[in-house]
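K.L.:
next input, structure requested:
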Amino acid sequence: MTAHARQYTIRNVPDRLDQRLRKRAKETGLSFNQVALDALILGAGEPARPRRDLTGIAGSLNEREAKRVDEEIRRQRQIDPELWK
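P.N.:
The predicted structure follows:
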């Protein structure tokens, strides 16, 4: 939380809205808090905040690209015995 962030308690949230927010959180894998915050931001007419995770990338690679990434990770995990002498 930033130094200027605020916390709110919101009462009388309609059941239908609660269900939609919870469903969206489950479908996206985001926290309920993040989904509710995103809804408040968009509802207030503010621009969406950029995500600081890889949700937009996950699952977007084709098979060839995914194999290249896996190979690069495997290559980088190799231990060079000469460096540990």
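
K.L.:
what mean pLDDT does stretch 12-19 get?
P.N.:
Averaging pLDDT along stretch 12-19 gives 96.

K.L.:
nope, stretch 33-52 is what I was after
P.N.:
Rounded mean pLDDT across stretch 33-52 is 87.

K.L.:
give the contact list for residue 38.
P.N.:
When contacts are counted by CB atoms under 8 Å, 6 or more residues apart in numbering, residue 38 is found next to 30, 48-49. Every C-beta, even on glycine, is put in place using the N, C-alpha and C of the backbone.

K.L.:
hmm, which of these are the buried ones?
P.N.:
residue 30 (16 or more other CB atoms under 10 Å).

K.L.:
got the contacts of residue 38 as CSV, with secondary structure and distance to residue 78 columns?
P.N.:
Converted to CSV, the contacts of residue 38 look like this (DSSP: H, G, I helix; E, B strand; the rest coil; distance: CB to CB, whole Å):
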residue, secondary structure, distance to residue 78
30, coil, 35
48, coil, 40
49, coil, 38
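
K.L.:
what's the closest of the contacts of residue 38 to residue 77?
P.N.:
Proximity of the contacts of residue 38 to residue 77 (CB to CB) peaks at residue 30, which lies at 29.6 Å.

K.L.:
for residue 53, see how far away the closest one is.
P.N.:
9 Å (CB to CB, to the nearest Å).

K.L.:
same check, this time on residue 69
P.N.:
From residue 69 to residue 53 the distance is 17 Å (CB to CB).

K.L.:
how about residue 73?
P.N.:
Counting by CB to CB - residue 73 and residue 53 are separated by 18 Å.

K.L.:
and residue 9, by the same measure?
P.N.:
If you go by CB to CB, the gap between residue 9 and residue 53 works out to 27 Å.

K.L.:
of the two, which one has the most company?
P.N.:
residue 53 (9 against 4; other CB atoms under 10 Å).

K.L.:
now the more buried one: phi and psi?
P.N.:
Note on residue 53: its backbone torsions stand at phi -140, psi -170 [degrees, to the nearest 10].

K.L.:
list the contacts of it.
P.N.:
Contacts of residue 53 by CB under 8 Å, 6+ apart: none found.
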